[in-house]
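In: sequence plus the predicted model coming up.
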Amino acid sequence: MQVLVIEPERRPKVRDIDGSLKSMQEIVGGLIQPIYLDDSVALICNDEGKLMNLPANRGLRDKDRQIYDIVFGTFFLCGTPADSDHFTSLTPEQIEQYQKLFYTPETFLGMDGHIVCIPMEADREVASDGRHI
């Protein structure tokens, strides 16, 4: 199953998993919780990510781009076909759409009783000669 994995402070990466509960739990580091982003895509995160004090990862936004929740810890996106009780691979179009949506890592700060989201530069890859690329 081809999924899109989003780790804190990193850009999304396409990954192949076997689709078992164990493989999903390994990615998120515990019990899984699906959050349905639309009729065909689910965000799978750690059900206890906030309680476990996992690092804040990305904000979830409504249609007006206002943050309504924050996902803590590593999560992944997968397909949710209609009339099915299991998850599937993302389509190439879904991968492209959600890579763009979650491309920029975010950090969150509390200011004057509000949570502020700040886009951040992702960790850069390091070449074999030590250069950042």
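Out: Structure's in. What do you need?

In: CA atoms only for the longest helix along the chain, dumped as CSV, please.
Out: Among the elements of the chain assigned as helix by DSSP state H, the one spanning the most residues is helix 92-101. What follows is helix 92-101, C-alpha atoms only, in CSV (Å, rounded to 0.1, in the frame of the first residue of the first chain):
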residue,chain,number,x,y,z
PRO,A,92,-0.8,9.6,-7.8
GLU,A,93,-3.1,12.6,-7.9
GLN,A,94,-3.8,12.3,-4.2
ILE,A,95,-0.1,12.0,-3.5
GLU,A,96,0.6,15.2,-5.5
GLN,A,97,-2.3,17.1,-3.8
TYR,A,98,-1.3,16.2,-0.2
GLN,A,99,2.4,16.6,-0.8
LYS,A,100,1.7,20.2,-1.7
LEU,A,101,-0.7,20.6,1.3
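
In: what is the rounded mean pLDDT of the helix or strand following it?
Out: Note on helix 92-101: by DSSP states H and E, the next helix or strand toward the C-terminus is strand 106-111. The average pLDDT within strand 106-111 is 89.

In: strand 106-111 pairs with which strands, parallel or anti?
Out: With DSSP bridges as the criterion, the sheet partners recorded for strand 106-111 are strand 114-119 (antiparallel).
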